[in-house]
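Enquirer: The sequence and its predicted three-dimensional model are supplied below.
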Amino acid sequence: MDIDSLNAFISIVETGSFSKAADAISVTQPAISKRIRTLEEVLNCKLFERGQRDIQLTKEGEELLPRATSILREVQNAKQSILNISSDISGQLTVVASHHIGLHRLPFVIKPFLQKYPDVDLKLLFMESENAFEALDHNHADIGFITVTPGAYPNYVEHVIWNDPMSIVCAPDHELATSQSTSIEKLSKASAILPSKTTLTYQIIEKLFASQQLKLNAAIPTNYLETIKMMVSVGLGWSVLPNTMIDEHLAILSTPEYSPSRKLGAVTHKRKTVSNAAKALIEQAEKVWGNEG
């Protein structure tokens, strides 16, 4: 049972296709098929059921999956631990970040980091916080800069957590903007524009409305806060946005009953050895955001 065969097996599971897996690990399709045949011969079992349109794991394949993932992770951890001995800060560093953090926060961290460590090949991937956790769990990224609930993730290490104050906003000419203060009940009678129900921002607002037994009338067009900001600015509804995004195109609603806020943070997976480059980036983030926690 060799590492290349296990890597081929994992890639097929993740992509759902032999051809896509071959592209993902930069080999030919015959080569990846040969690796799977070799693995099946070693294990004396069939790992995939091949249909006309898709492939499915057999029971034996399902049994192998978590073990293969663990083996590949430990091999990578061993390599990283050996590389860390040199204290060099170089090599590839894959970072996943929510769009808001990537656009409005990370530039102040990444720019001085790359100036100080030019030998780091930094790859930045934008994705929703929920998908970022999946990327970290599958060992496809080194660090996640995402929305967090401190203490809620037993499989992750929280390195730096900071506050991200938010405000309830609407367009300056929206009817809600005419009041000196706005109650949650008033908000329930107006249309809201919020990100998806899987996001922490939506869940915070939903919980607030539920606590007062009020209906949340929310349209969910996108998870991109920049798009939501635009839709709010033209009067399509109210929303909750980070204070860092608020400008003259938005009116902040005074809500004495509620002061929205969330936590952002840098996290790594507990089972992944943190590289010297990742440690250095976390240290840079602590310099920038350490006083905001």
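Expert: Good, I have the coordinates.

Enquirer: chain center to the helix or strand hosting residue 101, what's the gap?
Expert: Using DSSP states H and E, residue 101 falls within helix 99-104. Centroid displacement of helix 99-104 relative to its chain, using CA atoms, centre = their mean, to the nearest Å, is 11 Å.

Enquirer: can you pull the buried residues of that helix?
Expert: If you call a residue buried by 16 or more other CB atoms under 10 Å, then helix 99-104 has these buried ones: 99, 100, 101, 102, 103, 104. Just so you know, the C-beta spots here come from the backbone N, C-alpha and C atoms, and that holds for glycine as well.

Enquirer: Name the residues that touch the helix or strand following it?
Expert: Using DSSP H and E, the helix or strand that follows helix 99-104 towards the C-terminus is helix 107-116. Residues external to helix 107-116 that are found in contact with it (CB atoms under 8 Å, 6 or more residues apart in numbering): 120, 122, 124, 280, 281, 284, 285, 288, 289.

Enquirer: okay, those in a markdown table with pLDDT, neighbour count and secondary structure next?
Expert: Putting the contacts of helix 107-116 into a markdown table (pLDDT from 0 to 100; neighbours: other CB atoms under 10 Å; DSSP: H, G, I helix; E, B strand; the rest coil) gives the following:
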| residue | pLDDT | neighbour count | secondary structure |
| --- | --- | --- | --- |
| 120 | 95 | 22 | strand |
| 122 | 96 | 15 | strand |
| 124 | 94 | 14 | strand |
| 280 | 96 | 16 | helix |
| 281 | 96 | 28 | helix |
| 284 | 94 | 21 | helix |
| 285 | 92 | 23 | helix |
| 288 | 87 | 16 | helix |
| 289 | 82 | 21 | helix |
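
Enquirer: how about those residues in TSV, adding distance to residue 204?
Expert: Output for these, formatted as TSV (distance: CB to CB, whole Å):
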residue	distance to residue 204
120	35
122	31
124	27
280	33
281	28
284	29
285	23
288	25
289	20
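
Enquirer: How is the chain partitioned into domains?
Expert: Listed by automatic domain parsing, the domain ranges of the chain are 3-84, 91-163+264-292, 165-260.

Enquirer: most tightly surrounded among those?
Expert: domain 91-163+264-292 (a mean of 18; mean count of other CB atoms under 10 Å).

Enquirer: Give me the pLDDT for residue 230.
Expert: If you check residue 230, the pLDDT there is 94.

Enquirer: ok, now how distant is it from residue 245?
Expert: 11 Å (CB to CB, to the nearest Å).

Enquirer: what do those two both touch?
Expert: Joint contacts of residue 230 and residue 245 (CB under 8 Å, 6+ apart) do not exist.

Enquirer: Residue 121 - that's part of a strand, no?
Expert: Yes: Residue 121: assigned to a strand according to DSSP: H, G, I helix; E, B strand; the rest coil.

Enquirer: where does the stretch 151-293 of the chain have low pLDDT?
Expert: Scanning the stretch 151-293 of the chain for pLDDT under 70 picks out the ranges 291-293.
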